[in-house]
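K.L.:
Predicted coordinates and the sequence they were generated for:
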Amino acid sequence: MLVTGAARGIGYSVAEAFAKAGDHVIVADLHLDIAEEAARNIAGSTGGEASGWAVDVSDEGKVKELINGVIARRGTIDVVVNNAGLQHIAKVEEFPLEKWNQLIGVMLTGPFLMTKHVLPHMKKQGAGRIINISSVHGKTASPFKAAYISAKHGVIGLTRTVALETAADGITCNAILPGVVDTPLVQNQLSHLAQEEGISKEEALNRHLLHKQALKRFIKGSEIAACAVYLASEGAASVTGEGISVSGGW
């Protein structure tokens, strides 16, 4: 199985969970050295198998190179988790176009390209699972996150389209909508918000991220990973086109 953006955060937790379950995990990230280090750590902590690969998910040539390389070495790709993501916070009128293009490229074009180029292999083998990491911001919005929210909404539309197109091929496609997970991306976002508003990170967390959530706590990466493992299982063979919220009651 293959996870993008797997060197840290949610992607790392997902990769770790699949390694514990006995899968060989392709830890794909932008930089090879970071991906290989994460793969070594996952293999060491789980006793499972993991290997690090480099990919820029917004670059079609790099995506094709990754998928063809994994198929050549491993023979199959049974599960793809499209997780790679990043954030930029700014008002719409101040949002740099290059940042818009970068976020859309990684979080919407990336899942499209990964899906586009893995589907022929999955169809050939008559089975596959595609799991897209969207967000609770795939169904709602917050200020200052235009590109992130647009991408995450788009991922849900992509998920539903792919599910319809592949239903007869033994392939499922679903999205997970995490809430506030304690990741470097979220911590950086909190630091930015706290600085902008002259408040503490804890105040920023409660004001901007947890005020809509019932549980009032960070979601664990392992909780997102458990949902991904379920969606890849035989028990979820009839679950497709869904957006499953793991958000603590958002």
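P.N.:
Received the coordinates, thanks.
K.L.:
tell me which residues in the helix ranked longest in the chain are buried?
P.N.:
For the chain, the helix that runs over the most residues, judged by DSSP state H, is helix 146-166. Neighbour counts over helix 146-166 (16 or more other CB atoms under 10 Å) mark 146-156, 158-160, 162-163, 166 as buried. Just so you know, the C-beta spots here come from the backbone N, C-alpha and C atoms, and that holds for glycine as well.
K.L.:
tell me how far the helix or strand just after that helix is from the chain's mean position?
P.N.:
Where DSSP states H and E defines the elements, the next helix or strand beyond helix 146-166 is strand 171-178. Centroid displacement of strand 171-178 relative to its chain, using CA atoms, centre = their mean, to the nearest Å, is 10 Å.
K.L.:
Direction included, what does strand 171-178 pair against?
P.N.:
Using DSSP bridges, the strands paired with strand 171-178 are strand 128-133 (parallel), strand 243-246 (parallel).
K.L.:
Beyond that strand, next helix or strand please.
P.N.:
Once the chain leaves strand 171-178, the next helix or strand it forms, by DSSP H and E, is helix 184-197.
K.L.:
can you give me the angle that next one makes with strand 171-178?
P.N.:
Calculated by axes from the mean of the first three to the mean of the last three CA atoms, to 10 degrees, helix 184-197 forms an angle of 40 degrees with strand 171-178.
K.L.:
all numbers from here: first residue = 40
P.N.:
Got it, first residue is 40 now, which makes that one helix 223-236.
K.L.:
can you list contacts of helix 223-236?
P.N.:
Applying CB atoms under 8 Å, 6 or more residues apart in numbering, the external contacts of helix 223-236 come out as 47-48, 124-126, 128, 219, 238-240, 242-244, 246-248.
K.L.:
by contact count, what packs against the helix or strand just after it?
P.N.:
Scanning forward in sequence from helix 223-236 by DSSP H and E, the next helix or strand is helix 240-243. Using 3 or more CB pairs under 8 Å, 6 or more residues apart in numbering; DSSP states H and E as the contact criterion, the elements in contact with helix 240-243 are helix 223-236.
K.L.:
For Leu203, which residues are in contact?
P.N.:
Residues in contact with Leu203 (CB under 8 Å, 6+ apart) are Gly280.
K.L.:
Repeat the analysis, applying 6 Å as the threshold.
P.N.:
Going by CB atoms under 6 Å, 6 or more residues apart in numbering, Leu203 touches no other residue.
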